[in-house]
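**Q** When you get a sec, could you give me coordinates for this:
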Amino acid sequence: MEQNAELGDFLRSRRARLSPGDAGLSRGGGVRRVPGLRREEVAHLAGMSTDYYTRLEQGRHPNVSETVLDAVARALRLDDDERGHLFDLARPSTTRARRRRPERVQRVRPEVHQMLDLLNGVSPAFVANHRQDVLAANQLARALLTDWDALPYRERNFARYVLLDPDARELYLNWDEVAEIVVADLRLEAGRHPDDARLNELIGEAVVKMPEFSSWWDSHRVARCVYGTQRFQHPVVGEFTLHHETLAFPADPGQTVCVYTAEPGSASAQALALLASWSAPEAQRSDGTSPAPRIGDS
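**A** Below you'll find the model as predicted:
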């Protein structure tokens, strides 16, 4: 029942964002009582009866064909992430059956650790799972973001850091953009993993502790944190901009690596190189501090 309610909420949010003009329909006469498309308009665009679509939106179709879901996705102009989310919500029993096995402890292969070490002097990089638990990170990533190893095990999560750590709001100059895409990624994974207790716990904690979370969550935006540009105000090296790419490991399902890079020859590249020098193990004093200066220090 809960999953059916999620399906209805998602479909209503997607048709509310489309105007008749967006869908190639005339507005017609009279006052429109709902934002976006009406149910009958979505049904027309999808080639089905209004009654059938209404029952689908109400979660009263337990066995929906792929053909029907594809038609609805086209009518609502869903992107690939949204289409996948629609399938997950419309087929919760299938989704749960795929993930009924107890989750194994995820381990990062030695070869991946070696890759992170090789990137250390050039690019911050970390490995995460579907709920954004940080499984491994190189020294430069810990210097850029936070020292994951120093956190309690259950708090080593990128989404939790961005959404709930006050330092993240200071670090990201475009924090709102970063936080919104993190929430969209959590919403996507919640549809794929509805019975993930730790994921649901993280979402519940964000609802309670983060004022903006509920409005972003209720928008039903779904998207993957796969690439983008992030602007930082770092306490050691100042302001700079990095691009990030998230890549999947085919041999390790559910694991991805996020790698940050700076434009070659730019001021951001110089700042990143300084951060790498500052965070290098050989630069650390015996008391754990670094002698490297900040940008602007004389």
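**Q** could you point out which element follows the helix or strand containing residue 73?
**A** Residue 73 is part of helix 66-75, with elements assigned from DSSP states H and E. Scanning forward in sequence from helix 66-75 by DSSP H and E, the next helix or strand is helix 80-90.
**Q** List the buried residues of that next one.
**A** 81-90 (16 or more other CB atoms under 10 Å). Bear in mind the C-beta positions are built from the backbone N, C-alpha and C, glycine included.
**Q** Could you dump these into CSV and include pLDDT and distance to residue 194?
**A** Converted to CSV, these look like this (pLDDT from 0 to 100; distance: CB to CB, whole Å):
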residue, pLDDT, distance to residue 194
81, 92, 17
82, 93, 17
83, 93, 18
84, 92, 14
85, 93, 12
86, 92, 14
87, 91, 13
88, 90, 8
89, 89, 9
90, 87, 12
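**Q** of those, closest to residue 68?
**A** Checking these against residue 68 with CB to CB, the nearest one is residue 90 at 8.7 Å.
**Q** got a list of what that closest one touches?
**A** 7, 56, 61, 64, 69 (CB atoms under 8 Å, 6 or more residues apart in numbering).
**Q** List just the nearest of those to residue 163.
**A** For the contacts of residue 90, the nearest to residue 163 is residue 7 (25.3 Å; CB to CB).
**Q** Look up how far residue 194 lies from the closest one.
**A** 11 Å (CB to CB, to the nearest Å).
**Q** Between those two, tell me which one has more neighbours.
**A** Here residue 7 and residue 194 are compared on neighbour count by other CB atoms under 10 Å; more neighbours surround residue 7, at 23 against 18.
**Q** Which other helices and strands does the strand ranked longest in the chain contact?
**A** Determined from DSSP state E, the single longest strand within the chain is strand 238-248. Secondary-structure packing of strand 238-248 (3 or more CB pairs under 8 Å, 6 or more residues apart in numbering; DSSP states H and E): strand 227-234, strand 256-261, helix 267-279.
**Q** Nearest to residue 150, out of these?
**A** helix 267-279 (13.9 Å).
**Q** What lies in contact with the closest one?
**A** By CB under 8 Å, 6+ apart, helix 267-279 touches 120-124, 139-140, 142-144, 234, 236-242, 260, 262-263, 283, 290, 292, 295.
**Q** are any of these buried, and which?
**A** 120, 122-124, 139-140, 142-144, 234, 236-237, 240-242, 260, 262, 292.
**Q** Isn't residue 121 up against residue 140?
**A** Yes: Residue 121 lies in contact with residue 140 (CB atoms under 8 Å); the separation is 7.3 Å.
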